[in-house]
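Peer 1: Below are the sequence and a predicted model; questions follow.
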4 protein chains.
Amino acid sequence: MAIADITIIPIGTETPSVSSYVADIQKVLEKRASEGDINYILTPMSTLIEGDLTVLFQVIQELHEVPFTKGVQRVATNIRIDDRRDKADHTMEGKLESVQNKMNNAV
Amino acid sequence: MAIADITIIPIGTETPSVSSYVADIQKVLEKRASEGDINYILTPMSTLIEGDLTVLFQVIQELHEVPFTKGVQRVATNIRIDDRRDKADHTMEGKLESVQNKMNNAV
Amino acid sequence: MAIADITIIPIGTETPSVSSYVADIQKVLEKRASEGDINYILTPMSTLIEGDLTVLFQVIQELHEVPFTKGVQRVATNIRIDDRRDKADHTMEGKLESVQNKMNNAV
Amino acid sequence: MAIADITIIPIGTETPSVSSYVADIQKVLEKRASEGDINYILTPMSTLIEGDLTVLFQVIQELHEVPFTKGVQRVATNIRIDDRRDKADHTMEGKLESVQNKMNNAV
């Protein structure tokens, strides 16, 4: 399973606030998650999605289109993909647990 | 207040696991946070830090050095900075609340 | 036309050098460019590709697979997309010219 | 020597064009380069800077301030750092040559 970390920045919005775009993006994510395609979480800086890599790219492209549908003419999207194939539990939860275990062992 | 979203990838580690480096990076963050310099959270994909921009750059450089102290010869660090100056509560918590409010209003 | 800026980092390579992976990635790009799908350039830090957005995502996924075919078990891919739809010449060349013009006018 | 790859996106600019900000950023870079602190190149997607890591962070912070001095209230800065310490010629030119050599050997 791959994990993608995504920011979608609309450029030329007249105002520094972009939270209305983020809210629309969340609706696309909710729909996709309710269909069982992905899991996702919202952090203060980005959206994290886990799922099959091909599906992730489809969802990312869908999210990238959101600001254009609201009249924005330019979008800067930033994506970090972490794809690990030697480990069954390469999930968002598994990654956090792995760091926690290392920190406990270090004490 | 600025917020930085940081990943630090050691290159040439012999193994795909990097969680031991992440654990060491957390120790630096804990120390800085206990001194009142920053707030931080760990997500499954990165570390988010909020604080004064100049302090953030110092902390980031400190984090970037961690893998070198463990014998790694190459480090790829990725940083996203979100710096907003027209709003007093531009914090990690404030950003999440802002999106939540937009989503509730949209219902 | 969209432009994507891509880095593909293999993790767990035993050696800090990743240029052999970059060379293989270039071969995929050459093939795609010779088929007329994309234009691309190699910079010292990343690969820039311009083309139709859907094609870009296909090519990026193809590039991301390259290190796995060489035995790597984990890949960290970073993508910046710049997609501007109010301007016919939103190309790599057009963007550089635009900055150059602004700098000349400013003298 | 470290290399940094930087994009600085002003948010809330009313217009999708950001080339006037990029031109101002180039002036800061020219000054720093003429003082011998850094080397830099402009690509269609970002600015690449090579130099001492501490100096790079200073220059990046200086560049990040540019849009604020022009009235922008929010700036999203993205930075990729590639820092390799086992090789004397880890420079922008050296990296491109290294890939070129691998491609020639592969023929």
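Peer 2: Yes, it's here. What you see is a predicted model, and the numbers here were worked out from it, not measured in a lab.
Peer 1: Measure how buried residue A:17 is and give me the count.
Peer 2: Using other CB atoms under 10 Å in any protein chain shown, residue A:17 is surrounded by 18 other residues. Where C-beta positions appear, they are placed from N, C-alpha and C, glycine not excepted.
Peer 1: ok, now how distant is it from residue B:81?
Peer 2: Note on residue A:17: its distance to residue B:81, by CB to CB, to the nearest Å, is 17 Å.
Peer 1: check whether the lowest-mean-pLDDT helix or strand in chain A contacts chain B.
Peer 2: Within chain A, confidence by mean pLDDT, DSSP states H and E is lowest for helix A:92-106 among all helices and strands, at a mean of 80. Yes: figure legend: helix A:92-106 in contact with chain B (CB under 8 Å from any CB of the partner chain); contacting residues A:92, A:93, A:95, A:96, A:98, A:99, A:101, A:102, A:103, A:106.
Peer 1: Selection in ChimeraX covering whichever of these are buried, please.
Peer 2: The buried residues among the residues of helix A:92-106 next to chain B can be selected in ChimeraX (16 or more other CB atoms under 10 Å in any protein chain shown) with this line:
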select /A:92,95,96,98,99,102,103
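Peer 1: Enumerate every residue touching residue A:33.
Peer 2: Residues in contact with residue A:33, defined by CB atoms under 8 Å, 6 or more residues apart in numbering or on different chains, are A:39, A:40.
Peer 1: secondary structure element for it?
Peer 2: According to DSSP states H and E, residue A:33 maps onto helix A:19-34.
Peer 1: Give the next helix or strand downstream of that helix.
Peer 2: Downstream of helix A:19-34, the next assigned helix or strand under DSSP H and E is strand A:39-42.
Peer 1: Point out where chain A drops to low pLDDT.
Peer 2: A:105-107 (pLDDT under 70).
Peer 1: Which residues of it lie near chain D?
Peer 2: Contacts of chain A with chain D, taken as CB under 8 Å from any CB, map to A:7, A:9, A:11-18, A:72-74, A:76, A:78.
Peer 1: make it 7 Å
Peer 2: Residues of chain A lying near chain D by CB under 7 Å from any CB of the partner chain: A:9, A:11, A:12, A:13, A:14, A:15, A:16, A:18, A:73, A:74, A:76, A:78.
Peer 1: Just the ones of the residues you listed in helices?
Peer 2: Nothing among those maps onto helices, per DSSP state H.
Peer 1: Just the buried ones from these, in ChimeraX syntax?
Peer 2: Buried residues within these, by 16+ other CB under 10 Å, are selected in ChimeraX with:
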select /A:9,11,12,13,16,18,73,74,76,78
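Peer 1: Could you list which of the residues of chain A next to chain D also contact chain C?
Peer 2: Applying CB under 7 Å from any CB, the subset of those adjacent to chain C comprises A:73, A:74, A:76, A:78.
Peer 1: Same list (those residues) but as CSV, adding distance to residue A:55.
Peer 2: Compiled in CSV, those are given as follows (distance: CB to CB, whole Å):
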residue, distance to residue A:55
A:73, 28
A:74, 26
A:76, 23
A:78, 19
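Peer 1: From the residues you listed, which land in strands?
Peer 2: A:74, A:76, A:78 (DSSP state E).
Peer 1: just the ones next to chain C among the residues of chain A next to chain D that are near chain B?
Peer 2: Checking those against chain B (CB under 7 Å from any CB), the matches are residue A:78.
Peer 1: which one among the ones next to chain C among the residues of chain A next to chain D gets closest to chain B?
Peer 2: Of all those, chain B sits closest to residue A:78, with 6.7 Å by CB to the nearest CB.
Peer 1: pretty sure the closest one contacts residue A:8?
Peer 2: No: the criterion here is CB atoms under 7 Å, and residue A:78 misses it with residue A:8 at 8.0 Å.
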